[in-house]
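# sequence-free structure coming up:
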């Protein structure tokens, strides 16, 4: 339905995406409206389409689908608009004077006759010109929003377009609608294409075909690929836009001439890259081999003796393979250690730390995420950093993966030895920045488990490095005796081999009772099990407190057992609303004092402080990173801030406008948990899309638990996952490039 009225109050507006909750006054009533409303202010007159919905806490609201700003229809509405602060230098008193002097002619005066404004007391000619300019600019912005709405491009994206092109936006888009593909991440090509065709662009227009090619190459990166096979790309583009093969061939040549794409011949096929992806792979290969071939200035000549001394000092006994790994690191500038849980990767890192620190060498530890770095710190006793912080690339937008690398300044790493853990999570762009930052002669040690989930970003860096056979690699496959008593570790290795969970008969007499499989077919019963375990059952079993020890994992965001619904269900049970417990609604989510939350993007500017142990003094710094988990301590409605205490005792203050950086984390996806460990993991696996139900996802989920793992699922689903080897090989060329050097 359609409604029209004047904005009387803005209750909330997200500064990033313009999601808004406001009050609108119509002829006979006021109502609450919710939706994406960029560039609106109190006093604006809006024509809205949408529908009324019932919010369980806030009652009836009008949910906006599209909106159009219209000129104020009455003098009262116009005065309210001019008074709202949208035009600099015009407040309530000045607005009243303008309306009183010009009445019904006010809009014409503002748009076409600014000199008349100078006849109003208190308005100079310069000020009159500025008022008119701002009024016209606002009018142009309204036109941009309306123009994009006609083509199904939502208002949340209109702001991005305006920020880039300003009031020239419509002119620029009409000349080439396909520029929107480079601006609006994830936009549907068909919407842009329809706009272009409606504006008269021909079916085989060069801009159209070239844009379809770029769209296809961008699209494949969302699935982790770096390139596409040329013939398959041509076929896809032909199907997408209905042109001849020769049209696509010609556009590929044009894009290649403009350095937008690169075509590489390998494996009897031609592979097509976006320029930035090809350059990233080429740089990684060249930089890694440059490091590998450099003079080995950090070699420990008496390495066998040093190993024996560390064994005595740390009271450990390294296996032959672990000793071989330490010797390899001494002998090579670049080396890889890979293996599953319980195979001794951490012991090797500790040994390297001891040996090289004793020789006065500087060793730097790093991991791809905040939680992975924290875990590395806990297991080694040495401070570890995120790669982003180490490389000082904090100002990069997390989504700007196509950014020209010339724009990004990389800080060289001041270290003799750099050890990077959780390498399976590192994508090709992060690896590019890392490989460029290592000084010649610095040792680079890459540690990871390539059987875990691939990186979220494009590439399969760890796997490609290993398969190239150009980098010395130690595969750890022996599970140590102590670790073998853990059913968590035993089951992780069984799943990795394609075997089912260990049976009662196969259990060793002295094995730990740290793994339970609760077999359920009904999703309702699965939900009941999760809530029961979180709400006291595990407290009785092992004195496990939910907020201190327990994390719920699931493969999916959707459905009753996806993260969104499970977070609501667990919040209602574990942190129910009550008098005196303050709340803040943001983007449809209710944030409540006491909630467990997760930071979902890297924010390098976020200020934090932390109290020193046994002291009244504080340390402080900047940076909260994707994956860090904490709890909401306080919500202050007067100062409009939310205080969050993270698991490592850092305290941060979020303005209400920054809450879109947080999500509830009573339950998180297995992907989000990668690189983290939790005392107790409850992994609930409902029926989901086959692409989610894979062996490496199950394996990754199992290996997140330190003390106790409870799997809740249908046995048939677990069997399916165990046998569903994720065969979706990523199209990458790093392995090929390494072999060519």
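Good, I have the coordinates. It should be emphasised that the depicted structure is a prediction, and the values quoted were computed from it without experimental measurement.
# so how far is residue 369 from residue 499?
30 Å (C-beta to C-beta, to the nearest Å). For every residue, glycine as well, the C-beta is placed using N, CA and C.
# Now do the same for residue 337: helix, strand or coil?
Three-state call for residue 337 (DSSP: H, G, I helix; E, B strand; the rest coil): strand.
# wait, doesn't it sit right on residue 466?
No - counting by C-beta atoms under 8 Å, residue 337 stays clear of residue 466, with 10.6 Å between them.
# so who does the nearest residue to residue 215 once chain neighbours are set aside touch?
Nearest in space to residue 215, with sequence neighbours left out and distances taken as C-beta to C-beta, 6 or more residues apart in numbering, is residue 189 at 4.6 Å. Residues in contact with residue 189 (C-beta atoms under 8 Å, 6 or more residues apart in numbering) are 181, 211, 212, 215, 240.
# ditto for residue 243
Residue 243 neighbours (C-beta under 8 Å, 6+ apart): 203, 204, 209, 237.
# And residue 220, by the same measure?
Neighbour list for residue 220: 227, 228, 731 [criterion: C-beta under 8 Å, 6+ apart].
# Could you find the closest non-adjacent residue to the last one?
For residue 731, the nearest residue in space outside its immediate sequence neighbours is residue 225; the separation is 4.2 Å by C-beta to C-beta, 6+ apart.
# what about that neighbour, how many neighbours?
Residue 225 has 22 neighbours, counted by other C-beta atoms under 10 Å.
# which ones are touching it?
458, 730, 731, 732.
# between residue 337 and residue 466, what contacts are shared?
By C-beta under 8 Å, 6+ apart, residue 337 and residue 466 have these common neighbours: residue 473.
# Compare those two (neighbour count), which wins?
residue 337 (29 against 20).
# quick revisit: out of residue 499 and residue 369, which sits in the more crowded spot?
Using other C-beta under 10 Å, the more surrounded residue of residue 499 and residue 369 is residue 369, with 22 against 12.
# Next one: that one from residue 433, what distance?
In terms of C-beta to C-beta, residue 369 sits 15 Å off from residue 433.
# which of the contacts of residue 225 sit farthest apart?
Greatest spatial distance among the contacts of residue 225 (C-beta to C-beta): 458 and 731, at 9.4 Å.
# higher neighbour count, these two?
Applying other C-beta under 10 Å to residue 458 and residue 731 shows that residue 458 carries more neighbours, namely 26 against 21.
# Tell me which residues touch the more buried one, please.
So residue 458 contacts 221, 224, 225, 226, 277, 401, 427, 428, 429, 730, 732 (C-beta under 8 Å, 6+ apart).
# Would you double-check that it falls in a helix?
No - Residue 458 is assigned coil when assessed by three-state DSSP, not a helix.
# List the single closest residue to it in space, sequence neighbours excluded.
Nearest residue to residue 458 in three dimensions, chain neighbours excluded: residue 221, at 4.6 Å (C-beta to C-beta, 6+ apart).
# Residue 531 too?
Residue nearest to residue 531 in three dimensions, not counting chain neighbours: residue 573, with 5.6 Å by C-beta to C-beta, 6+ apart.
# What is the burial count for residue 674?
25.
# Just read off the phi/psi values of the residue nearest to residue 603 when sequence neighbours are not counted.
Leaving aside its sequence neighbours, residue 603 sits nearest to residue 624 (C-beta to C-beta, 6+ apart; 5.2 Å). Backbone geometry at residue 624, expressed as degrees, to the nearest 10, gives phi -120, psi 130.
# Contacts only, for residue 624.
Contacts of residue 624 by C-beta under 8 Å, 6+ apart are 370, 599, 603, 606, 608, 646, 650, 652, 661.
# again, but for residue 139
Taking C-beta under 8 Å, 6+ apart, we find residue 139 in contact with residue 111.
# Mind telling me what element it is part of?
Using DSSP states H and E, residue 139 falls within helix 125-149.
# Next: residue 366.
Per DSSP H and E, residue 366 falls inside strand 363-367.
# same thing with residue 342?
Residue 342 belongs to no helix or strand, assigned by DSSP H and E.
# so the residue nearest to residue 723 when sequence neighbours are not counted, which of the three states?
In space, residue 723 comes closest to residue 498 once its chain neighbours are excluded; the distance is 6.4 Å by C-beta to C-beta, 6+ apart. What three-state DSSP gives for residue 498 is coil.
# State the phi and psi torsions of the residue nearest the centre of the chain.
Compute the mean C-alpha point of the chain, and by C-alpha atoms, centre = their mean the closest residue is residue 601, 5.4 Å away. Main-chain torsions, residue 601, degrees, to the nearest 10: phi -150, psi 160.
# ok, now residue 201?
The phi and psi values for residue 201, taken as degrees, to the nearest 10, are phi -70, psi 140.
# And for the one 10 residues further on?
Note on residue 211: backbone dihedrals following degrees, to the nearest 10 are phi -70, psi -40.
# next one: residue 34
The phi and psi values for residue 34, taken as degrees, to the nearest 10, are phi -140, psi 140.
# for the residue in the chain sticking out farthest from the centre, what are its contacts?
For the chain, the largest distance from the centre (C-alpha atoms, centre = their mean) belongs to residue 119, which lies 54.4 Å off. With contact taken as C-beta under 8 Å, 6+ apart, residue 119 is in contact with residue 101.
# What backbone torsions are found at it?
Backbone torsions for residue 119, taken as degrees, to the nearest 10, come to phi -80, psi -10.
# Please apply the same query to residue 354.
phi -60, psi -50.
# any idea how far it lies from residue 416?
Distance from residue 354 to residue 416, by C-beta to C-beta: 14 Å.
# Residue 669 now?
38 Å.
# for residue 30, same thing?
68 Å.
# CSV please, covering the contacts of residue 225 and showing distance to residue 504, pLDDT and secondary structure.
Shown next, in CSV, are the contacts of residue 225 (distance: C-beta to C-beta, whole Å; pLDDT from 0 to 100; DSSP: H, G, I helix; E, B strand; the rest coil):
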residue, distance to residue 504, pLDDT, secondary structure
458, 44, 93, coil
730, 39, 92, coil
731, 44, 95, coil
732, 43, 96, coil
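# what's the closest of these to residue 378?
Taking C-beta to C-beta as the measure, residue 378 sits nearest to residue 458 out of the contacts of residue 225, at 30.1 Å.
# just to revisit the earlier point, and the residue nearest to residue 215, how close does it get to residue 174?
Noted for residue 189: a distance of 18 Å to residue 174, by C-beta to C-beta.
# And for the spatially closest residue to residue 22 that is not a sequence neighbour, the neighbour number?
Spatial nearest neighbour of residue 22, chain neighbours left out: residue 10 (4.8 Å); criterion: C-beta to C-beta, 6+ apart. The number of residues packed near residue 10 is 16, by other C-beta under 10 Å.
# Next up, the contacts around residue 10.
Counting by C-beta under 8 Å, 6+ apart, residue 10 touches 20, 21, 22, 40, 41, 42.
# Can I get the buried part of the contacts of residue 243 as one ChimeraX selection?
Selecting only the buried entries of the contacts of residue 243 in ChimeraX, with 16 or more other C-beta atoms under 10 Å as the criterion:
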select :204,209,237
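# Make a markdown table from the contacts of residue 243 and add pLDDT to it.
Shown next, in a markdown table, are those (pLDDT from 0 to 100):
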| residue | pLDDT |
| --- | --- |
| 203 | 92 |
| 204 | 91 |
| 209 | 95 |
| 237 | 96 |
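# Between the two ends of stretch 554-573, what distance do you get?
18 Å (C-alpha to C-alpha, to the nearest Å).
# same question but for stretch 240-247, I mixed them up
Stretch 240-247 has an end-to-end distance of 13 Å (C-alpha to C-alpha).
# Next, find the distance separating residue 506 from residue 466.
On the measure of C-beta to C-beta, residue 506 and residue 466 end up 31 Å apart.
# and if you look at residue 228?
Noted for residue 228: a distance of 24 Å to residue 466, by C-beta to C-beta.
# who touches both of residue 458 and residue 731?
Common neighbours of residue 458 and residue 731 (C-beta under 8 Å, 6+ apart) are 225, 226.
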